[in-house]
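>>> quick check, what structure comes out for this input:
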Amino acid sequence: MAEPILEVTGLVKHYPLTRGVLLRGQTGAVKAVDGVDFTLGRGETLGLVGESGCGKSTVARLLCHLERPTAGTIRFKGEDITALSGRALKAVRRAVQMVFQDPYTSLNPRMTVGDIVGEPYEIHPEAAPKGDRRRRVRELLDVVGLDPEYAGRYPHQFSGGQRQRVGIARALALRPEIVVADEPVSALDVSVQAQVVNLLARLQAEFGLSYVFIAHDLSVVRHISDRVGVMYLGRIVESGPADAIYDHPTHPYTQALLSAVPVPDPGARDRRERIILSGDVPSPAAVPSGCRFRTRCWKARERCAREVPELAVPAVFRDAGGPAAHPSACHFAEERPALPSGEPGNGNGPG
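You can find the predicted model right below:
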């Protein structure tokens, strides 16, 4: 892996269940993120995937310091940034920028595109001399594939894909080192998604950016990511090089996700085993004991209820080497990877 620019260790974000009339008297917490570890290399793209509610977007907000973690550390170029404030925090926010999910709500409808892209310079005036900002805004629009003459237009005059390009231009205004892209194409038409993903890849090569790319669409993540982390109920359950995750998944949750990815070849689709999980994702306010995936897993046994599986390379794969030798949080990762076609997981792990 390239030189680390971001190191996340034991990241936790819990929201106490003590607010509001309906929750009065209840105790506990919503465990949105519950012990996440990963490293991002310089110039690398780390993809975070998982179902809605698994904690991906909370991780994004924590990385950009939009929220403070309950516990854990986030090291940017070796420095723990979790407790920073004032000027030190402002400097980090300049270096770590975010592209938001919805291009329709992330742009102020009362501001022109030029003012939106140039707004970071109002907050960080040291980033560009006042007399040079108009030129820089026009350059940024050109870089993301928009006509610089559009600077005087308003967001409602653009398509969804164009609006997301405006959001990307705004994120690039301060010349960041890391861009956190939180579901940047999920609100766009399929025909436009590839264009935006290809734009992000080109900008990464041109500016040496490091990406944390968050999505639930596994096909999009594979296209752009060097490494992938699969999240379930607040934790990463499998991580490794993108090709290893997609071609040799070892965690049952990853196997189930990949079995649902559309395959263009009808013959390959008919031969592939389809894993249908039973039940719903448990509430992050009441996570199962032991392995939190066990209530939906066809491999679940007594041990799964007692012991939290460590995110580590399973011994059998570590000894054999090869693409399957990547971390997986499953006690029985070495067992048969899938069920007979169409057979649902029984969800009858120990209670």
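>>> any idea where the helices of the stretch 251-351 of the chain begin and end?
For the stretch 251-351 of the chain, applying DSSP state H, counting those that start in this stretch gives helices covering 252-259, 266-271, 302-306, 315-320.
>>> tell me the most buried of those helices?
helix 252-259 (a mean of 23; mean count of other Cβ atoms under 10 Å). C-beta: built from backbone N, CA, C; applies to glycine.
>>> and that helix, how far out from the chain's middle?
Chain-centre distance of helix 252-259: 17 Å, with Cα atoms, centre = their mean, to the nearest Å.
>>> now that helix: mean pLDDT?
Model confidence over helix 252-259, given as mean pLDDT, is 92.
>>> for stretch 4-20, same thing?
The model assigns stretch 4-20 a mean pLDDT of 89.
>>> and what of stretch 143-151?
Per-residue scores along stretch 143-151 average to 97.
>>> that one: which residues count as buried?
Going by neighbour count (16 or more other Cβ atoms under 10 Å), the buried part of stretch 143-151 is V143, V144, L146, Y150, A151.
>>> over to stretch 235-254?
In terms of neighbour count (16+ other Cβ under 10 Å), stretch 235-254 has its buried residues at 235-242, 244-246, 248-254.
>>> what's the span of it, first residue to last?
Taking Cα to Cα, to the nearest Å, the first and last residues of stretch 235-254 lie 13 Å apart.
>>> same question for stretch 237-256.
Span of stretch 237-256 from end to end, Cα to Cα: 13 Å.
>>> and the contacts of it?
Here stretch 237-256 makes contact (Cβ atoms under 8 Å, 6 or more residues apart in numbering) with 38, 47, 218, 221-222, 225-232, 258, 275-277, 293, 296-299, 311, 314, 317, 322-324, 326-330, 333-334, 337-338, 345.
>>> ChimeraX command to pick out the buried ones of those?
ChimeraX command restricting the contacts of stretch 237-256 to the buried ones, with burial defined by 16+ other Cβ under 10 Å:
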select :38,47,218,221,222,225,226,227,228,229,230,231,232,258,275,277,293,296,297,298,299,311,314,317,324,326,327,328,329,330,333,337,338,345
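>>> just the contacts of stretch 237-256: which are in strands?
For these, the ones inside strands are F38, G47, R227, V228, G229, V230, M231, Y232, with DSSP state E as the criterion.
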